[in-house]
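Q: Below are the sequence and a predicted model for it; my questions follow.
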Amino acid sequence: MAFTTMPFTTMPSSLTNSTSSPTMLLPPISHHNNHILPPNKLIVNKPKRKLLHLTVANVASPSLPMITPPTPEEQRSGTTAGRHHHHHVAWTSISQESWEGELQVEGHIPPWLNGTYLRNGPGMWHIGDYDFRHLFDGYATVVKLRLQEGRLFAGHRQLESEAYRAAKKNQKICYREFSEVPKAANFLAYVGELASLFSGASLTDNANTGVVKLGDGRVVCLTETQKGSIVIDPETLETVGKFEYSDSLGGLIHSAHPVVTDKEFVTLLPDLVRAGYLVVRMEPGTNERRVIGRVNCRGGSSPGWVHSFPVTEHYVVVPEMPLRYCAQNLLKAEPTPLYKFEWHPQSKAFMHVMCKTSGNIVASVEVPLFVTFHFINAYEEEDEDGRVTAIIADCCEHNSDPTILDRLRLQNLRSFNGEDVLPDARVGRFRIPLDGSPYGELDAALDPNEHGKGMDMCSINPNNLGKKYRYAYACGAQRPCNFPNTLTKLDLELKKATNWHEEGAVPSEPFFVARPGATEEDDGVVISIVSEKNGEGYALLLDGSTFEEIARAKFPYGLPYGLHGCWVPKE
Ligand SMILES: CC1=C[C@H](O/C=C(C)\C=C\C2=C(C)CCCC2(C)C)OC1=O
Ligand SMILES: CC(/C=C/C=O)=C\C=C\O
Ligand SMILES: [Fe+2]
């Protein structure tokens, strides 16, 4: 079995010789990891120099490093962009390249929970003195929580993408990020950059969105660009190399959320030239995606954004959102209010259903306008004779208002003043009939007041993927707020939610891990990482059934917000 992983051969000089460069992105601090040792033997990854702008002096356990707080002068001057500590730690760049060590656990980690939770996200939002503008622009920070016989070993590390390495070396953005574009030196350079946009050469490989474990064990960080598929070592978090797709399907972008199981990796490749989507599948142990089928867009000359999509046992559901990729916006040097997208309500919204085995489209219906990043799950609705009558697909739906994208600008996130500015969202439930009728339905699956009319960053019990299910976990809202700030367990049968909230805290995606051998859908734990108002942060474990806290463990310092994770069980 030949894995195609191109190793990054050269280490950037700023990493290999971290004290020599006066124009370093980061203070020249440790980049090496400690081996994990029992707490009494823990070697501390002690910064060689004082960390700038870290206010946290408390530590997770007496054996962990005391992090030196900033001097009053450092606090006052805040000379280094992105690391001022007057905004919430969730939206503050990570302060060091890497750290690892054991965390002291308050509470009880179930003995069956053996494995590693990995979480990816854009944790570094500045380069030199330049501050990025959007949450999604940040360079990827991967966090791990290794749970082992009731103990918790944690760590984080910057992903060594080409984009991150080039930015550090040149002290400027060198690739096109979600909203940031490298500044062309002159007109000729601008023309050259346009050309490289079409070849994909100027697009980022900053894989800051999610992390998945393939059926063959490889762990891959992902984002919207295909070249941003990067293999990491799940134990050390080191960057192993690019995941090179060995097929010749081409294209530059894909869904940031493939559907990954032990048996397959299914994703969508939007076709920006002949508006449509290729539905593709890759088997474990290969790097080759094979086409299942193609969907042509019905509503516009450009495909709708497919950040994610759902599957059922037999079908792939292809959403065609009226928030469409926009070639002109792709070319612009300055971000537009909808970034690389455009809102085309007149182009309508559609849901297409493709048979996984034949590639045939079995339904294509017009649905009410919608805006979603994340589908939660989908399943086949059956009548009493067991015939499939419809597809039910659930998503975190932003009340068909695309302005949520702009709400995620860092300036907005960092300037919470008590005003309730988070746009309302709900669990949008699509019903896609399979009887040939032209329209599908979209309604709230439960009263959005149950979860404070905030809704995103969802997970389910993976054993229920594509099947009828009852529970979902997500972030909801306790208002007033400017960002989802609760963890919520949704009972889609009773149409009730149970909410967890701590004042001022920003919790990341509640990730469900099923107890091996469980028969109840909610028998397991929910993992989240919480960034606190006071700059601190902790890993949190809730009981999947009662939704009560079972354990928490403080990090030595608060971590920035993160996006999506995966579970790597211990072999
Ligand atoms: C999270 C998160 C990250 C993210 O997007 C990151 C990039 C680099 C996206 C780039 C693009 C599009 C969104 C649209 C089309 C072109 C392209 C520039 C590749 O999105 C997220 O949600
Ligand atoms: C954080 C988020 C979307 C993330 C995409 O991957 C949305 C929050 C909205 O309320
Ligand atoms: Fe996402």
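A: Received the coordinates, thanks. Residues are numbered from 1 along each chain as shown. Ligands and ions are numbered 1, 2, ... in the order given.
Q: what's across from the residue in the chain positioned nearest to ligand 2 in the sheet?
A: Among the residues of the chain, Asp456 lies closest to ligand 2, at 3.9 Å counting by Cβ to the nearest ligand atom. Using the backbone N, CA and C atoms, a C-beta is placed for each residue, glycine as well. Here Asp456 sits in beta bridges with Cys475, as judged by DSSP bridges.
Q: My guess is it contacts Ala472. True?
A: No. The criterion here is Cβ atoms under 8 Å, and Asp456 misses it with Ala472 at 11.6 Å.
Q: picking that back up, tell me who's in contact with the residue of the chain closest to ligand 2.
A: Applying Cβ atoms under 8 Å, 6 or more residues apart in numbering, one finds that Asp456 lies in contact with 373-374, 396, 425, 474-475, 484.
Q: Most neighbours among those residues, which one?
A: Of all these, Ala425 has the most neighbours under the rule other Cβ atoms under 10 Å, reaching 29 neighbours.
Q: My understanding was that it contacts Cys458; is that so?
A: No. Under the criterion of Cβ under 8 Å, Ala425 is not in contact with Cys458, lying 10.9 Å apart.
Q: which residues do those two both contact?
A: Listed as contacting both Ala425 and Cys458 by Cβ under 8 Å, 6+ apart are Cys396.
Q: so which strand or helix has the residue in the stretch 351-500 of the chain positioned nearest to ligand 1?
A: Taking Cβ to the nearest ligand atom as the measure, the stretch 351-500 of the chain has Phe373 as its residue closest to ligand 1, at 6.1 Å. Following DSSP states H and E, the helix or strand that holds Phe373 is strand 372-382.
Q: Adjacent strands (with direction) for that strand?
A: Note on strand 372-382: by DSSP bridges, its sheet partners are strand 388-397 (antiparallel).
Q: which is the next helix or strand following the strand it pairs with?
A: Counting by DSSP H and E, the element after strand 388-397 in chain order, helix or strand, is helix 404-407.
Q: what about that next one and ligand 1, touching?
A: No. When contact is scored as Cβ under 6 Å from any ligand atom, no part of helix 404-407 falls within range of ligand 1; the minimum is 8.7 Å.
Q: Quick one: name whatever helix or strand follows that helix.
A: Going C-terminal from helix 404-407, and assigning secondary structure by DSSP H and E, you next hit helix 410-414.
Q: any residue of that following helix up close to ligand 1?
A: No. Judged by Cβ under 6 Å from any ligand atom, helix 410-414 and ligand 1 are separated, with a smallest distance of 13.0 Å.
Q: For that helix, output the C-alpha coordinates as PDB.
A: Backbone C-alpha positions of helix 410-414 (Å, rounded to 0.1, in the frame of the first residue of the first chain) are rendered in PDB as follows:
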ATOM      1  CA  LEU A 410     -12.400  39.300  14.600                       C
ATOM      2  CA  GLN A 411     -13.300  42.900  15.300                       C
ATOM      3  CA  ASN A 412     -16.900  41.900  16.000                       C
ATOM      4  CA  LEU A 413     -15.900  39.000  18.100                       C
ATOM      5  CA  ARG A 414     -13.500  41.000  20.100                       C
END
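Q: What's the mean pLDDT across it?
A: Looking at helix 410-414 alone, the average pLDDT works out to 97.
Q: And that helix, what's buried?
A: Taking 16 or more other Cβ atoms under 10 Å as the basis for neighbour counts, the residues of helix 410-414 that come out buried are 410, 412-414.
Q: C-terminal to that helix, what's the next element?
A: If you walk from helix 410-414 toward the C-terminus, the next helix or strand you reach (DSSP H and E) is strand 426-433.
Q: what angle do that next one and strand 372-382 make?
A: Here the directions of strand 426-433 and strand 372-382 differ by 40 degrees (axes from the mean of the first three to the mean of the last three Cα atoms, to 10 degrees).
Q: Sheet partners, orientation included, of strand 426-433?
A: According to DSSP bridges, the neighbouring strands of strand 426-433, each with its direction, are strand 388-397 (antiparallel), strand 441-444 (antiparallel).
Q: May I see those arranged in a markdown table, with mean pLDDT as well?
A: As requested, the strands paired with strand 426-433 are arranged in a markdown table below (pLDDT from 0 to 100):
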| stretch | mean pLDDT |
| --- | --- |
| strand 388-397 | 99 |
| strand 441-444 | 98 |
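Q: ranking the ones you listed by burial, who's on top?
A: When neighbours are counted by mean count of other Cβ atoms under 10 Å, the highest per-stretch mean among the strands paired with strand 426-433 falls to strand 388-397, a mean of 24.
Q: how about that strand, does it get close to ligand 2?
A: No. Contact of strand 388-397 with ligand 2 is not found when judged by Cβ under 6 Å from any ligand atom; the minimum separation is 7.6 Å.
Q: What of stretch 477-494?
A: Yes. Contact of stretch 477-494 with ligand 2 (Cβ under 6 Å from any ligand atom) involves Pro484.
Q: I'd like the average pLDDT over that stretch.
A: The model assigns stretch 477-494 a mean pLDDT of 98.
Q: now that stretch: how far from the chain's centre is it?
A: 18 Å (Cα atoms, centre = their mean, to the nearest Å).
Q: Give me the distance between the two termini of that stretch.
A: Stretch 477-494 has its terminal residues 20 Å apart, counting by Cα to Cα, to the nearest Å.
Q: what's the answer for stretch 382-395, then?
A: The first and last residues of stretch 382-395 sit 20 Å apart, counting by Cα to Cα.
Q: pLDDT score assigned to the residue of the chain closest to ligand 2?
A: What the model reports as pLDDT for Asp456 is 99.
Q: do the same with the one 10 residues further on
A: Note on Gly466: pLDDT of 98.
Q: close enough to count as contact, it and Ala378?
A: Yes. At 6.5 Å, Gly466 counts as touching Ala378 under the criterion of Cβ under 8 Å.
Q: Looking only at neighbour counts, state which of these two leads.
A: Neighbour totals were compared for Gly466 and Ala378, and Ala378 leads with 28 against 20 (other Cβ under 10 Å).
Q: Now do that one against Arg289, distance only.
A: Here the criterion is Cβ to Cβ, to the nearest Å. By it, Ala378 lies 21 Å from Arg289.
Q: and if you look at Ser248?
A: For Ser248, the distance to Arg289 equals 10 Å [Cβ to Cβ].
Q: Those two: which has the busier surroundings?
A: Each of Ser248 and Arg289 has its neighbours counted (other Cβ under 10 Å); Arg289 has more, 24 against 7.
Q: Check whether the more buried one really touches Val266, as I assumed.
A: No. Checked against Cβ under 8 Å, the pair Arg289 and Val266 is beyond contact range at 9.2 Å.
Q: so what sits against both of the two?
A: Among the neighbours of Arg289, those also in contact with Val266 (Cβ under 8 Å, 6+ apart) are 280-282.
Q: Show me what from the stretch 51-200 of the chain comes close to ligand 1.
A: By the rule Cβ under 6 Å from any ligand atom, the part of the stretch 51-200 of the chain lying against ligand 1 is 136, 176-178.
Q: can you tell me which of these are in helices?
A: The members of these all map outside helices under DSSP state H.
Q: got those residues as a markdown table, with neighbour count and distance to Phe350 columns?
A: Written out in a markdown table, the entries for these read as follows (neighbours: other Cβ atoms under 10 Å; distance: Cβ to Cβ, whole Å):
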| residue | neighbour count | distance to Phe350 |
| --- | --- | --- |
| Phe136 | 25 | 25 |
| Arg176 | 23 | 29 |
| Glu177 | 25 | 30 |
| Phe178 | 24 | 25 |
